[in-house]
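Undergrad: Would you be able to build a 3D model of this:
(one chain, ligands or ions: 1)
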Amino acid sequence: MKYRLKTDVLVIGSGVAGCTAAITAAKQGKHVTLITKTSDPMESNTRYAQGGIVVLGNKDSNELLYNDIMKAGDGISNPEAVRIVVEEGPKLVYDFLINEIGVEFSKNEDGNFNLTKEAAHSTSRILHYYDMTGLEIERKLLDKIKEIKNIDLLTNFTAIDLITTHHNTINPLLKYKKNLCLGAYALDNIKGDVYTILADATVVATGGVGRLYQYTTNPDVATGDGISMSYRAGAEVTNMEFVQFHPTVFYTGEGKGFLISESLRGEGAKLINKYGEAFMEKYSPEWKDLAPRDEVTRAIYNEMALTESKFVYLDIANFHNKDISIAKRFPGIYNECLKYKIDIENEPIPVVPAEHYFCGGILINNQAETTLPGLYAVGEASCSGLHGANRLASVSLLEGVVYGKRAGIYATRVEKKSDYFSDITDWVFPKDESKSGNDPLLVFQDWTNLRTTMWNYVGIIRTKTRLTRAVSDLRNLYNRITDYYRNTNLTKPKVELRNGIIVAVLIAEFARRNNKSQGCHYVKEED
Ligand code: SIN
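TA: Numbering: from 1, shown residues only. Below is the predicted model:
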């Protein structure tokens, strides 16, 4: 009993979507337990979002925004989800983020909000806080959460598996009824104890999958945990082949670069090759440097091949809107680049594409409910169909707020599940006591294999042969990792690796089965 907790709503993940869901559910008078696997709850994809959040611009309309999102989604966005986000999102930014939570956004000298532009937006409609929008939103949401008495925030708690009536009960008759989610088992990273957290509703808000790729804009936390857990528990996942690559990430020559926001191009910056030639007009005469992300990414990829270069340049020094001060508008990027001795006010920035955002995930309906009753999913881990085959810039934070809010409301309306709780078993350690198996090099090498396979075979340019190889290699790796997971101590890195390989196999399998190039899933014909 010592390690058994009961709560009304369990939220897993502390980014914009998870925090919004937690605050909303708490406001309905429910007890909320919010867990995050990190020691610092700020550490989420939200914290690293630079560009901004979409509202309506000065000469804008719901229709225009709706059309831009649909166009980016390349024919497979869910019209209902797009309509919901367009109609509710901008209002929530003002009512919830600004007025209730106290989030600040950059203003012009006249006191009005500064609206910026990003790729494939037909007008300037993006609110931002310098180039640190996600940081500001995340900080203010967590400040609010700490003030709310009926939210328990547990850091250093890694969710291991969702608890369901089909998998974790001593009552054999429950398998004849519909499977229900009743919470999650979570590892206390520090002490090694596993908690049984029982809940009427569980909200997965664990973010994306960037760390399954060799190069990514995502922090270390993005290992696809919630998607993997939900899939294992029986929830449907969808659109798994649609992995978005961001065109401009600082090139360091090593694995870890950092995002160079699209809003630099919104302020006039141009992509140039090593000969100083601006090249986007050649690839997208209509949008040029502000073409949709997948087009810019493939153009860069091609230009790197043509010029035999490891990167191209983004030049804001020579091509910015003259009314901005580069260092003041982009202080985060300016200072980060200076660490690598690049002064962006005077010289171009070396950039390459990298994995950025996952458009697929756990299938949800308009109420953020998954196909597993009792389980909700929000943010990057979920798939409402909003993004279709490709996400429009600065719509992700917006989606997090809209669906976070919806999950927070609907998760508090579910039927009580306490009748089932007494039949739920505590966690059974899979470990075979004869093997301790804590060799970090094994985990490191498995991640290296996984990430290079995903980057080379399930990356920006895919082919049938590459995808077929990826599925086979990843399945072998899956067998090895599963064996290792089952037979050695439970640790956070092993939980993440197991989640990562399951999601990697799913992405590769979905990609292999879909021959049609669409949005960010691009399959090249082979000779
Ligand atoms: C960026 O600032 O370029 C990223 C914004 C986004 O992913 O929407």
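
Undergrad: how many neighbours does S61 have?
TA: By other CB atoms under 10 Å, the residues close to S61 number 12. For the C-beta atoms, the positions are set from N, CA and C on the backbone; glycine is no exception.

Undergrad: swap in G208?
TA: Neighbours around G208, by other CB under 10 Å: 32.

Undergrad: In contact with it, which residues are there?
TA: N45, N218, A222, G224, Y357, F358, E380, A381 (CB atoms under 8 Å, 6 or more residues apart in numbering).

Undergrad: Can you verify it is assigned to a helix?
TA: No - applying DSSP: H, G, I helix; E, B strand; the rest coil, one finds G208 to be coil, outside a helix.

Undergrad: Can you sort out which of the contacts of G208 also neighbour the ligand?
TA: Among the contacts of G208, the residues that sit close to the ligand (CB under 6 Å from any ligand atom) are Y357.

Undergrad: Show me what from the stretch 1-150 of the chain comes close to the ligand.
TA: A49, Q50, G51.

Undergrad: Which one (most neighbours) among the residues you listed?
TA: Tallying neighbours with other CB under 10 Å puts A49 at the head of these, with 28 neighbours.

Undergrad: ok, the nearest residue in space to that residue that is not next to it in sequence - contacts?
TA: With sequence-adjacent residues excluded and distances taken as CB to CB, 6 or more residues apart in numbering, A49 is closest to G134, at 3.0 Å. By CB under 8 Å, 6+ apart, the contact set of G134 is V16, N45, T46, R47, Y48, A49, Q50, L397.

Undergrad: rerun at 7 Å
TA: T46, R47, Y48, A49, Q50, L397 (CB atoms under 7 Å, 6 or more residues apart in numbering).

Undergrad: now A511
TA: E241, V458, R462, L467, H521.

Undergrad: For Y376, which three-state class applies?
TA: strand.

Undergrad: Can you get me a residue count around it?
TA: So Y376, with other CB under 10 Å, has 32 neighbours.

Undergrad: try F113
TA: Neighbours of F113 (other CB under 10 Å): 16.

Undergrad: Please give me every residue in contact with it.
TA: With CB under 7 Å, 6+ apart, F113 has these contacts: F105, K107, L127.

Undergrad: Can you name the residues of the chain that neighbour the ligand?
TA: So the chain meets the ligand at A49, Q50, G51, L259, S261, E262, S263, Y357, A393, S394, S396 (CB under 6 Å from any ligand atom).

Undergrad: if we can go back for a sec, looking at the contacts of G134, which is nearest the ligand?
TA: Q50 (4.0 Å; CB to the nearest ligand atom).

Undergrad: that's a helix at that closest one, yeah?
TA: No - assignment of Q50 by three-state DSSP gives coil, placing it outside any helix.

Undergrad: which one is it nearest to, not counting chain neighbours?
TA: Spatial nearest neighbour of Q50, chain neighbours left out: S261 (3.9 Å); criterion: CB to CB, 6+ apart.

Undergrad: pLDDT weak spots in the stretch 401-527 of the chain?
TA: 431-437 (pLDDT under 70).

Undergrad: Would you list the phi and psi of V11?
TA: phi -110, psi 130 (degrees, to the nearest 10).

Undergrad: Can you check the pLDDT for it?
TA: V11 is assigned a predicted lDDT (pLDDT) of 98.

Undergrad: I'd assumed C19 was in contact with it.
TA: No - using CB atoms under 7 Å as the test, V11 is too far from C19 to be in contact (8.2 Å).

Undergrad: And those two? Which one has more around it.
TA: More crowded of V11 and C19, by other CB under 10 Å: V11, with 36 against 32.

Undergrad: List the beta-bridge partners for that one.
TA: Beta-bridge pairing for V11 (DSSP bridges): L34, V203.

Undergrad: Now stretch 314-322: buried residues?
TA: In terms of neighbour count (16 or more other CB atoms under 10 Å), stretch 314-322 has its buried residues at L314, D315, I316, A317, F319, H320.

Undergrad: in its sheet, what does the helix or strand the first one falls within sit against?
TA: To tie it back to what came earlier, the one meant is L314. Using DSSP states H and E, L314 sits within strand 312-315. Sheet pairing for strand 312-315, assigned by DSSP bridges, gives strand 270-272 (antiparallel), strand 349-358 (antiparallel).

Undergrad: And the average pLDDT for the first one is what?
TA: Looking back up the chat, that one is strand 270-272. Mean per-residue pLDDT for strand 270-272: 98.

Undergrad: try the last one
TA: The predicted model assigns strand 349-358 a mean pLDDT of 97.

Undergrad: how close does T123 get to K322?
TA: Taking CB to CB, to the nearest Å as the measure, T123 falls 20 Å from K322.

Undergrad: got the contact list for the nearest residue to T7 once chain neighbours are set aside?
TA: Nearest non-adjacent residue to T7, counting by CB to CB, 6+ apart: T33, 4.0 Å away. Contacts for T33 were tallied using CB under 7 Å, 6+ apart; they are L5, T7, L10, D152, L154, I197.

Undergrad: please redo it, this time with the cut-off set to 6 Å
TA: By CB atoms under 6 Å, 6 or more residues apart in numbering, the contact list for T33 reads T7, L10, D152.

Undergrad: Kindly state the beta-bridge partners for the last one.
TA: With DSSP bridges applied, D152 shows beta-bridge pairing to T33.
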